[in-house]
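Asks: just a sequence and a predicted model for now, questions to come.
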Amino acid sequence: MIAARFGLKKMPFDKSISTRDLYPSPGLTELSERLEMSKSARGVMLLTGDPGLGKTVAVRKFVDSLNSERYVCCYLPLATVTILDAYGQLNRALGGTSVSSKSQMFEQIQRGVAELAGQGKQPVIIFDEADLLKNAMFDELRILLNFEMDSQDPLLLILVGQPRLLATLSMRIHLPFRQRVAMRYRMPPMDEKQTRGYVEHHLKLAGRSNGLFTDEAMNQLFVQSGGVPRVIGNIALAAMTEAAMAGRDLVELDEVITASKEVV
């Protein structure tokens, strides 16, 4: 109904969007630059931000940019896994054989990293939802990162999570791990201008070149969403549905207000 009413070729704000088509907001651009720097510096990077800001898709964009002949990526999306589960996933990603004990997996992981380094390849390990990691896991990661008597950083470890990850790491027990963090970035929401650009960008990708939201509707969309991309898309789609059902050619202020009550 929305596509036909507003002349769209497909639904906008699709979360399966190609990373090539992401809206180049200043926040995403800066994060991409920091990820590139971290790729060279290695060590540990913390990426934090509120839900819906696009942290995971930004990391996906970074992973898509990696040369598979030079980098081996291991993405762990569920940070609530046990230490053994995490070690098992890392071990398999690095080409290790199936073993049952933690000590054997640890040895194989470090051996796998060393072998990749000898081949000119760098592991990139990503823990998503890292704010859910158990305290003991930070100690394991710190020990795992100790190579050649702590004289080198052969891999890049990226921890992605909500702001409480920073609160967790501020605890004194995590000081040794915190001292290993080489790069930090907190993903910001978009401002009013960027919100407009984000909406127009996604509508253009969907096949609409001319404006769809009135100025008042767009301003209200920013206010109600707080500049959070996921919320912007949800409200915009709901407002477009309201406008289509009312037979309107444009999305107006009332539709955004109604949609925000349903979505936010």
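Replies: Done, it's in.
Asks: can we go C-alpha only for contacts and neighbour counts from here?
Replies: OK.
Asks: if I look at I257, how far off is A243?
Replies: Per CA to CA, to the nearest Å, I257 is found 12 Å from A243.
Asks: go on, I2?
Replies: Taking CA to CA, one finds I2 at 9 Å from A243.
Asks: hmm, back to that, quick one: which of I257 and A243 has more around it?
Replies: A direct count of neighbours by other CA atoms under 10 Å for I257 and A243 places A243 higher, at 21 against 16.
Asks: name the nearest residue to the more buried one, ignoring sequence neighbours.
Replies: Leaving aside its chain neighbours, A243 sits nearest to V251 (5.5 Å; criterion: CA to CA, 6 or more residues apart in numbering).
Asks: surely the one you found touches T241?
Replies: No: using CA atoms under 8 Å, V251 makes no contact with T241, being 9.1 Å away.
Asks: before we move on, back to that, mind listing what the residue nearest to A243 touches?
Replies: 212-214, 217, 239-240, 243 (CA atoms under 8 Å, 6 or more residues apart in numbering).
Asks: mind putting these into a markdown table with secondary structure?
Replies: Supplementary listing: those in a markdown table, determined by DSSP: H, G, I helix; E, B strand; the rest coil:
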| residue | secondary structure |
| --- | --- |
| L212 | coil |
| F213 | strand |
| T214 | coil |
| A217 | helix |
| A239 | helix |
| M240 | helix |
| A243 | helix |
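Asks: for the chain, what helix or strand is lowest in average pLDDT?
Replies: Taking mean pLDDT, DSSP states H and E as the measure, helix 83-93 is the helix or strand of the chain with the lowest mean score, a mean of 83.
Asks: can you give the distance of the following helix or strand past that helix from its chain's centre?
Replies: Per DSSP states H and E, the first helix or strand lying C-terminal to helix 83-93 is helix 102-118. Chain-centre distance of helix 102-118: 27 Å, with CA atoms, centre = their mean, to the nearest Å.
Asks: mind giving me the packing neighbours of helix 102-118?
Replies: With contacts taken as 3 or more CA pairs under 8 Å, 6 or more residues apart in numbering; DSSP states H and E, helix 102-118 sits against helix 83-93, strand 122-127.
Asks: what helix or strand is S40 on?
Replies: In this assignment (DSSP H and E), S40 forms part of helix 26-41.
Asks: how much does the very next helix or strand once past that helix deviate in direction from strand 122-127?
Replies: Of the helices and strands lying after helix 26-41 in sequence (DSSP H and E), the nearest is strand 43-48. Calculated by axes from the mean of the first three to the mean of the last three CA atoms, to 10 degrees, strand 43-48 forms an angle of 30 degrees with strand 122-127.
Asks: contacting residues around F177?
Replies: F177 makes contact with 138-139, 142, 169, according to CA under 8 Å, 6+ apart.
Asks: what do you get for T19?
Replies: By CA under 8 Å, 6+ apart, the neighbours of T19 are 57-58, 60-61, 64.
Asks: okay, it and S100: tell me how far apart.
Replies: On the measure of CA to CA, T19 and S100 end up 37 Å apart.
Asks: ditto for H174
Replies: For H174, the distance to S100 - CA to CA - is 28 Å.
Asks: try E242
Replies: Counting by CA to CA, the gap from E242 to S100 is 56 Å.
Asks: ok, the two, which is more surrounded?
Replies: E242 (20 against 10).
Asks: chain center to stretch 50-68: distance?
Replies: Taking mean C-alpha positions (CA atoms, centre = their mean), stretch 50-68 and its chain are 5 Å apart.
Asks: about what we covered before: only whichever of the contacts of V251 are buried, select them in PyMOL.
Replies: Restricted to buried positions by 16 or more other CA atoms under 10 Å, the PyMOL selection for the contacts of V251 reads:
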select buried, resi 212+213+217+239+240+243
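Asks: list the contacts for the nearest residue to D191 once chain neighbours are set aside?
Replies: Of all residues not flanking D191 in the chain, G227 sits nearest, at 5.8 Å (CA to CA, 6+ apart). Listed by CA under 8 Å, 6+ apart, the contact set of G227 reads 189-192, 195.
Asks: if we go to 7 Å?
Replies: By CA atoms under 7 Å, 6 or more residues apart in numbering, the contact list for G227 reads 189-191, 195.
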